[in-house]
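J.: Here is my input; please provide its structure:
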Amino acid sequence: MAISGGCLCGAVRYRIEAEPIAARTCWCRVCQFIGAGSATVNVAFPSEAFNIEGTLSDFASKADSGNVMHRRFCPKCGTHVFAQSEARPHLMSVRAGTLDEPGDW
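T.: Numbering: from 1, shown residues only. The predicted structure follows:
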């Protein structure tokens, strides 16, 4: 099963060749900024299952846990697409709104 998605302007596209591991919402303060005051909705997949086309910008910051988080977004339209913790490099979270079929998760 292939899962696909991308940013608002289409400059970033991705394809995932794996089933999701988990879905969750995050209410941390950074996600509240990204989510306009609410949580972000994220779906986790194995990192090695991604094929990403296009250029992403990276914003790294220290989470409340002390882990360094990388939030990757399209530099053209600003859509946040992925998040990944340096403590868990084997997992990558996709912002559910960027999935072509977000209602499936």
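J.: From A36, how far off is the nearest residue to G54 once chain neighbours are set aside?
T.: In this structure, G54 finds its nearest non-sequential neighbour in V12, 3.7 Å apart by CB to CB, 6 or more residues apart in numbering. Just so you know, the C-beta spots here come from the backbone N, C-alpha and C atoms, and that holds for glycine as well. Using CB to CB, to the nearest Å, V12 is found at 20 Å from A36.
J.: which residue packs closest to P89, ignoring adjacent ones?
T.: Among residues not flanking P89 along the chain, S47 sits closest, at 6.3 Å (CB to CB, 6+ apart).
J.: tell me the contacts of that neighbour?
T.: Applying CB atoms under 8 Å, 6 or more residues apart in numbering to S47 gives the contacts 84, 89-92.
J.: Pretty sure the residue nearest to G54 sits against G78.
T.: No. Using CB atoms under 8 Å, V12 makes no contact with G78, being 11.1 Å away.
J.: For the helix or strand bottoming out on mean pLDDT in the chain, which helices and strands make contact with it?
T.: Sorting the helices and strands of the chain by mean pLDDT, DSSP states H and E puts helix 29-34 at the bottom, at a mean of 90. Judged by 3 or more CB pairs under 8 Å, 6 or more residues apart in numbering; DSSP states H and E, the packing partners of helix 29-34 are strand 68-73.
J.: Just the buried positions in the strand it packs on, please.
T.: For strand 68-73, the neighbour count (16 or more other CB atoms under 10 Å) marks 69-73 as buried.
J.: dump the residue contacts of C28.
T.: C28 sits in contact with 63-64, where contact means CB under 8 Å, 6+ apart.
J.: With that, I have no additional questions.
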